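Q: Starting from these lines, generate the structure:
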Amino acid sequence: QAKNDRVEFYRQVLQPYKLRGHLAYLKRRSWATDFGVLFGTVVAVLMPSTAKPPSLEEVREAARPGSSPAQE
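A: Model (predicted):
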């Protein structure tokens with residue numbers, strides 16, 4: 001039962017959230033945004049406390065049908 005819950009949570013909440021974020025990135029992609037992603041990754045690896053994950057509510061809100069893509 002718990003495994004099915006995780007799979008459904010991924011399919012219904014996390015996957016749409018991730019896809020909306022990827023779509024938002026693709027819409028504004030440039031060398032500068034690519035550099036920003038690389039820089040942000042290095043900072044997050046070297047100083048993990050600076051990388052704040054979104055809250056569960058933020059993820060669920062962004063995954064709702066009709067909501068705008070993340071980070072737009």
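
Q: what's the longest helix in the protein?
A: Taking DSSP state H as the criterion, the chain has its longest helix at helix 31-46.

Q: buried ones in it?
A: Of all the residues in helix 31-46, not one is buried under the rule 16 or more other Cβ atoms under 10 Å. C-betas here are computed from N, CA, C, even on glycine.

Q: looking only at pLDDT, what's the mean for that helix?
A: Averaged over helix 31-46, pLDDT sits at 95.

Q: and the next element down the chain from it?
A: Next helix or strand after helix 31-46 toward the C-terminus (DSSP states H and E): helix 56-63.

Q: I'd like to know which elements that next one is packed against.
A: Under the contact criterion of 3 or more Cβ pairs under 8 Å, 6 or more residues apart in numbering; DSSP states H and E, helix 56-63 touches helix 15-27.

Q: for the nearest residue to Pro16 once chain neighbours are set aside, what are its contacts?
A: Distance criterion Cβ to Cβ, 6 or more residues apart in numbering; nearest residue to Pro16, sequence neighbours excluded, is Ala63 at 4.1 Å. Neighbour list for Ala63: Gln12, Val13, Leu14, Pro16, Tyr17, Arg20 [criterion: Cβ atoms under 8 Å, 6 or more residues apart in numbering].

Q: Distance of Ala63 relative to Ala51?
A: 20 Å (Cβ to Cβ, to the nearest Å).

Q: Also Leu26?
A: The gap separating Leu26 from Ala51 is 22 Å, by Cβ to Cβ.

Q: go on, Arg20?
A: For Arg20, the distance to Ala51 - Cβ to Cβ - is 19 Å.

Q: Between those two, point out the one with more neighbours.
A: Arg20 (19 against 11; other Cβ atoms under 10 Å).

Q: pLDDT score assigned to Gln1?
A: 57.

Q: I'd say Thr50 and Ala44 touch.
A: Yes: contact criterion Cβ atoms under 8 Å: Thr50 and Ala44 qualify, at 6.5 Å.

Q: Selecting buried members of the contacts of Ala63 in ChimeraX, what would you type?
A: Those of the contacts of Ala63 that count as buried under 16+ other Cβ under 10 Å are selected in ChimeraX with:
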select :13,16,17,20
